[in-house]
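Chemist: Give me coordinates for this.
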Amino acid sequence: MKITRRGFVKGAGAATAIGMIGTPYIALGASKKVVVVGGGTGGATAAKYLRMADPTIEVTLIEANKDYYTCYMSNEVLSGERSMDSIKFGYTGLAKHGVNVVNDMVTAIDATARTVKTAGGQNFSYDRCIVAPGIDFKWETIEGYDEKVAETIPHAWKAGVQTVTLRKQLEDMKDGGTVVIAPPPNPFRCPPGPYERASQIAHYLKHNKPKSKIIILDPKSKFSKQGLFVQGWKALYGYETDNAMIEWRPSAQGSNDNAVVKVDAAGRTVTTGFDENIKADVLNVIPAQKAGKIAFAAGLTNESGWCPVNLHTFESTLQKNIHVIGDASIAKGMPKSGYAANSEAKVCAASVAALLNGQEPGVPAYVNTCYSIVGENWGISVAGVYKLAQDGSEIKQISGGLTPADATPEMRAREVAYAHSWFSNITKDIFM
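Modeler: The predicted model follows:
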């Protein structure tokens, strides 16, 4: 069912209110401690909204880094349309909400003793623990590619130093050079991300190095918002013409014909499943993904490499009193996106606050929207409102919308403005 943007915003607001706080929580007098592991979008949101739901809960957020760089909007750094500082956020805002922010790395979570241990030798006890571990990579799936090689052949799928490296490589590349992007197989963080990245790099090349080309070597046969991306590529970058700046090479379903299976870092050459060797001037390899390391150390993952959870509360189905949110969780029915993590965190925070106060968690609702900027004045988006299936087996979309294929130039330009406004609003919601 399609809805208008006004209807979505209204519905999203209502869903967030339901998913966040149903009724006021009444403290029972006992100490209530929650440790949040990971200060990305999901973890930071959960910490803040726990304090908002019940200020008597003692909330400790443990994050290794003093600053967080958002992956969303990081592709605009690659095009030169945005600075790194604009996607950088600290934790002083959370501290103002009464969150105890600890800069350290969590090394172990003991579900039996209900303790969290850090590399710095600290120990934190908890009544409930919320883990937002983000993603890690399956390095073994690509021969010749590992964490060390990624320092010079960046994936840049965790925004930060590698984003800067990739941008510098694009700046240094000669006009007429070739950029190769290797997206990961499903499931992975931000499904439209590699294709927005190709778009943003094409935007930079079009205005600065117009003889250059981008080749996308994809292990998949289709991708998120494909029709809308292709429409933009045709209009802006000559897609499917002799002078196309972007070339997408899919793999037939069930094959790995155009998947990158080997990397020669010294020669900046990749080998595909079809045994084709392709040399790049700039090489961006994004490996297959799994839950972050601490999720494995804490016994929160199953054979898929992701974390199964109760979708009502996001409590792990493998470890009691530990909740997993964001990209690492198996939130069946929702994408692995920043906004989804934000929404899941609010549902989880409300559930944890209720459980700590001896109450039943309310009926959750979830929202997601995803903007992609294809080029100058050309934005696209998808949005959805979700609810938990009656049997709790999945999160079902109950309404949503997609940028229409016949959108006017004014509508596409407005989508860009909406994207920037969304970024401003969600980062304030999380970190301030």
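Chemist: Can you get me a residue count around the nearest residue to Y69 once chain neighbours are set aside?
Modeler: The shortest distance from Y69 to any residue other than its chain neighbours is 3.9 Å, reached at A159 (C-beta to C-beta, 6 or more residues apart in numbering). From N, CA and C alone the C-beta is placed, and that goes for glycine too. Residues lying near A159 (other C-beta atoms under 10 Å) number 20.
Chemist: roughly how far apart are A159 and L170?
Modeler: A159 sits at a distance of 15 Å from L170 (criterion: C-beta to C-beta, to the nearest Å).
Chemist: so which strand or helix has A47?
Modeler: Assigned by DSSP states H and E, A47 belongs to helix 41-53.
Chemist: gap between that helix and the chain center?
Modeler: Between the mean C-alpha point of helix 41-53 and the mean C-alpha point of its chain there is a distance of 17 Å (C-alpha atoms, centre = their mean, to the nearest Å).
Chemist: cool, stretch 42-61 as well?
Modeler: Remark: stretch 42-61 is offset 21 Å from the chain centroid, using C-alpha atoms, centre = their mean.
Chemist: List the buried residues for it?
Modeler: The neighbour-count check on stretch 42-61 (16 or more other C-beta atoms under 10 Å) flags 42-54, 56-61 as buried.
Chemist: May I have that stretch exported as CSV, CA atoms only?
Modeler: The C-alpha atoms that make up stretch 42-61 are tabulated as CSV, following Å, rounded to 0.1, in the frame of the first residue of the first chain:
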residue,chain,number,x,y,z
GLY,A,42,21.6,1.6,17.6
GLY,A,43,23.6,1.7,20.8
ALA,A,44,23.6,5.5,21.2
THR,A,45,19.9,5.6,20.5
ALA,A,46,19.1,2.9,23.0
ALA,A,47,21.2,4.5,25.7
LYS,A,48,19.5,7.9,25.3
TYR,A,49,16.0,6.6,25.1
LEU,A,50,16.4,4.3,28.1
ARG,A,51,17.2,7.4,30.2
MET,A,52,14.2,9.2,28.6
ALA,A,53,11.9,6.2,29.3
ASP,A,54,13.0,5.8,33.0
PRO,A,55,15.6,8.2,34.5
THR,A,56,16.1,5.9,37.5
ILE,A,57,17.8,3.4,35.2
GLU,A,58,21.6,3.6,35.5
VAL,A,59,22.8,3.4,31.9
THR,A,60,26.4,2.9,30.9
LEU,A,61,27.5,3.1,27.3
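Chemist: and Q359, helix, strand or coil?
Modeler: coil (DSSP: H, G, I helix; E, B strand; the rest coil).
Chemist: Report how many residues lie close to it.
Modeler: Around Q359 there are 15 residues (other C-beta under 10 Å).
Chemist: Relative to G392, how far out is it?
Modeler: Noted for Q359: a distance of 18 Å to G392, by C-beta to C-beta.
Chemist: again, but for E276
Modeler: Look at E276 and G392: by C-beta to C-beta, they are 46 Å apart.
Chemist: Any idea how many residues pack against V116?
Modeler: 27.
Chemist: From what I see, it and M105 are in contact.
Modeler: No. Between V116 and M105 no contact is recorded; they are 11.0 Å apart, counting by C-beta atoms under 8 Å.
Chemist: L283: neighbour count?
Modeler: 26.
Chemist: Please apply the same query to the one 3 residues further on.
Modeler: Neighbours of I286 under the rule other C-beta under 10 Å: 23.
Chemist: Tell me where the stretch 151-300 of the chain has strands.
Modeler: Counting by DSSP state E, counting those that start in this stretch, the stretch 151-300 of the chain forms strands over residues 178-182, 213-217, 246-249, 260-264, 269-272, 277-279, 282-285, 289-291, given from the N-terminal end onward.
Chemist: I figured G42 was touching K346, is that so?
Modeler: No. Using C-beta under 8 Å, G42 is not in contact with K346, being 9.8 Å away.
Chemist: packing partners for the longest helix along the chain?
Modeler: As assigned by DSSP state H, the longest helix anywhere in the chain is helix 409-431. Here helix 409-431 is seen to pack against helix 41-53, strand 88-89, helix 338-356, strand 365-375, strand 378-388 when contacts are counted using 3 or more C-beta pairs under 8 Å, 6 or more residues apart in numbering; DSSP states H and E.
Chemist: what's the closest of those to I430?
Modeler: For I430, the closest of the helices and strands packed on helix 409-431 is helix 41-53, at 5.0 Å, according to C-beta to C-beta.
Chemist: what sits up against that closest one?
Modeler: The contact list for helix 41-53 (C-beta atoms under 8 Å, 6 or more residues apart in numbering) reads 20-21, 25, 34, 36-37, 39, 57, 59, 61, 63, 68, 70, 91, 93-94, 97-99, 130-132, 325-327, 338, 341-342, 344-346, 348-350, 352-353, 426, 429-431.
Chemist: Show me how to select, in PyMOL, the buried members of those.
Modeler: If you want just the buried ones from these in PyMOL, going by 16+ other C-beta under 10 Å, the selection is:
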select buried, resi 20+21+25+34+36+37+39+57+59+61+63+68+70+91+93+94+99+130+131+132+325+326+327+338+341+342+344+345+346+348+349+350+352+353+426+429+430+431
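Chemist: Which pLDDT value belongs to R114?
Modeler: Looking at R114, its pLDDT is 98.
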